[in-house]
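In: Test case, fold it:
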Amino acid sequence: MNTKSKQLLTQLIELTIDLSLGDIVLGGKWKNKRMVVKSLGTDDLGQPTVNGKSLLTVRVEKTLPDEKKSKETREKEEKSS
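Out: Model (predicted):
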């Protein structure tokens, strides 16, 4: 792949993720451990990070269907209803 096609590819692949401090993400080996977002940033390669871990290794809980959310979140939603 030549330089121009690499530049075009990097320009075409751009993601926008609605994530802010205090949101809940699911991480860990099976992506079932509930974590609160404390910091957002980038690593030395320019990849986005959440709490110092790669963004690609977590699930954003507010975008998941109800049956995939963590047990604690489902219980809080039931109490508020």
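
In: contacts and neighbour counts: CA atoms only from here.
Out: Fine.

In: For this structure, which helix or strand comes out least confident on mean pLDDT?
Out: Ranking every helix and strand in the chain by mean pLDDT, DSSP states H and E puts helix 3-12 at the bottom, with a mean of 70.

In: quick one: residue 35 and residue 22 touch, right?
Out: No: Residue 35 lies out of contact with residue 22 (C-alpha atoms under 8 Å); the separation is 9.3 Å.

In: more crowded one of the two?
Out: Counted by other C-alpha atoms under 10 Å, residue 35 and residue 22 do not tie: residue 35 has more neighbours, with 18 against 11.

In: and that one, what is it in contact with?
Out: By C-alpha atoms under 8 Å, 6 or more residues apart in numbering, residue 35 lies in contact with 24, 25, 26, 27.

In: can I get those residues in a markdown table with distance to residue 73 and neighbour count?
Out: Shown next, in a markdown table, are the contacts of residue 35 (distance: C-alpha to C-alpha, whole Å; neighbours: other C-alpha atoms under 10 Å):
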| residue | distance to residue 73 | neighbour count |
| --- | --- | --- |
| 24 | 9 | 21 |
| 25 | 11 | 24 |
| 26 | 11 | 20 |
| 27 | 15 | 18 |
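
In: By pLDDT, rank the residues you listed and give me the bottom one.
Out: Among the contacts of residue 35, residue 27 has the lowest pLDDT, at 91.

In: does residue 79 belong to a helix or a strand, and which?
Out: helix 71-80 (DSSP states H and E).

In: what pLDDT, on average, does that helix get?
Out: Helix 71-80 comes out with an average pLDDT of 90.

In: Can you name every helix or strand that that helix contacts?
Out: For helix 71-80, there is no helix or strand it packs on, judged by 3 or more C-alpha pairs under 8 Å, 6 or more residues apart in numbering; DSSP states H and E.

In: Now tell me what touches it from outside.
Out: Counting by C-alpha under 8 Å, 6+ apart, residue 66 sit against helix 71-80.
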